[in-house]
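# okay, here's the prediction I keep looking at, along with the sequence it came from:
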Amino acid sequence: MRVNAVVQARTGSTRLPGKVLRPLGGRPVLDWVVRAAQAADGIDRVLVATSNDPGDDPVATRAEALGAAVVRGPEDDVLARFLLALERHPCDAIVRLTADCPLLDPALIGLVVAAWRQDPGYDYVATTLVRTLPRGLDVELAAARALVDLGGRAHGHDRVHVTSGLYADPDRYRLLGLVVSPAADDLRVTLDTPEDAALLDGLVEELAGRSGWRDVVDALRRRPDLVVRNAAVAQKPLEAG
């Protein structure tokens, strides 16, 4: 059972343009995500799926320098990019990661992959069905057969968010959610705004090389002054793209 990780990345963010190549702790944010995927158990190949827009040429160049395969497709149809990745690099399941989550924990990625390998009958395994981790540590796995099926049915925002058409239809797709305790879903470590960037800059300094999800949560519980930096940021609804 072959599992590839696909990191979706582009420079055209509306709230923080160029965020995936923004420096964090001395290296681009994209580096953090690709390296986490490469370090995870159970991942056979790491790909970066970016757009055909010339503005994303630097993303493709950086991904190749990191040793990741690059797939390029429509800017606004992210699901099409994932299906293209599946066509060019066949596998049985894809782990979907986003390039604006620099503190992804390889152990969590490996846990999701291991859960699916135990029962490949699941179409979707994720840490987000019931959110108990900080936003920005999200790991989702979709079986290849489910993505192909979804590709023929999805429209609108489901083509932008890739997996939303899976978890929104539990009657059609078999779903498995992983949770942690105690819950820490009140925290936010994704990168979408300048306020998020301010938190991540301070958090990386506080972590001093530690990188596990428990280290992230513990650091933020000790440092409410960091948490407040992006506490007012509202997550965009799915319909906003």
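That came through, no problem.
# quick one: neighbours of L178, just the number.
Neighbouring residues of L178 were enumerated by other C-beta atoms under 10 Å; the total is 17. In this view, the C-beta of every residue, glycine as well, is placed from N, C-alpha and C.
# ok, it touching A126?
Yes. Under the criterion of C-beta atoms under 8 Å, L178 makes contact with A126 at 7.2 Å.
# quick check: end-to-end length of stretch 93-106?
End-to-end distance of stretch 93-106: 17 Å, with C-alpha to C-alpha, to the nearest Å as the criterion.
# and that stretch, what's its mean pLDDT?
Averaging pLDDT along stretch 93-106 yields 97.
# okay, and the common contacts of L178 and A126?
Jointly contacting L178 and A126 under the rule C-beta atoms under 8 Å, 6 or more residues apart in numbering are V112.
# tell me the secondary structure for L97?
strand (DSSP: H, G, I helix; E, B strand; the rest coil).
# burial of the nearest residue to R45 once chain neighbours are set aside, as a residue count?
Closest residue to R45 in three dimensions, ignoring its sequence neighbours and counting by C-beta to C-beta, 6 or more residues apart in numbering: N4, at 4.6 Å. When neighbours are counted by other C-beta under 10 Å, N4 registers 21.
# please, where are all the helices along the chain?
Per DSSP state H, the chain carries helices over the ranges 29-39, 57-65, 78-88, 106-118, 144-151, 157-160, 164-167, 194-207, 213-222, 224-227.
# buried stuff in the second one?
Of the residues in helix 57-65, those scored as buried under the neighbour-count criterion (16 or more other C-beta atoms under 10 Å) are P58, V59, A60, R62, A63.
# what about the chain, any weak spots by pLDDT?
The chain contains residues with pLDDT under 70 at 237-241.
# any idea how far the residue nearest to the spatial centre of it lies from W116?
For the chain, L97 is the residue whose C-alpha lies nearest the centre (C-alpha atoms, centre = their mean; 2.4 Å). Taking C-beta to C-beta, to the nearest Å as the measure, L97 falls 15 Å from W116.
# ok, now Y167?
14 Å.
# between the two, who's got more neighbours?
W116 (25 against 18).
# quick check: the more buried one touching Y124?
No. Taking contacts as C-beta under 8 Å, W116 lies outside contact range of Y124: 9.0 Å.
# can you check which residues contact both of these two?
L141, A143, L176.
# quick check: closest non-adjacent residue to the first one.
Right, the one you point to is L141. V125 is the one closest to L141 (C-beta to C-beta, 6+ apart), at 4.6 Å.
# beta-bridge partners for the one you found, please?
Listed by DSSP bridges, the beta-bridge partners for V125 are L141, L176.
# tell me how many other residues surround it.
Neighbours of V125 under the rule other C-beta under 10 Å: 28.
# V113 too?
Other residues within reach of V113, judged by other C-beta under 10 Å, total 23.
# and it, what does it touch?
Contacts of V113 by C-beta under 8 Å, 6+ apart are V3, A40, D41, G42, I43, A93, V95, L141.
# do you know how far it is from G177?
The value you get for V113 to G177, if C-beta to C-beta is used, is 15 Å.
# same check on A183?
13 Å.
# equivalent analysis for A168, please.
With C-beta to C-beta as the criterion, A168 and G177 are 14 Å apart.
# V48: what's it in contact with?
By C-beta under 8 Å, 6+ apart, the contact set of V48 is 6-9, 30, 34, 59-60, 63, 68-71, 99.
# one more time with 7 Å
Applying C-beta atoms under 7 Å, 6 or more residues apart in numbering, we find V48 in contact with V7, A9, V34, V59, A63, A68, V70.
# same check on A63?
A63 neighbours (C-beta under 7 Å, 6+ apart): L30, V34, V48, V70.
# shouldn't the last one be in contact with A60?
Just to be clear, that refers to V70. Yes. Between V70 and A60 there is a contact under C-beta atoms under 7 Å: 4.8 Å.
# many thanks, I have nothing further to ask.
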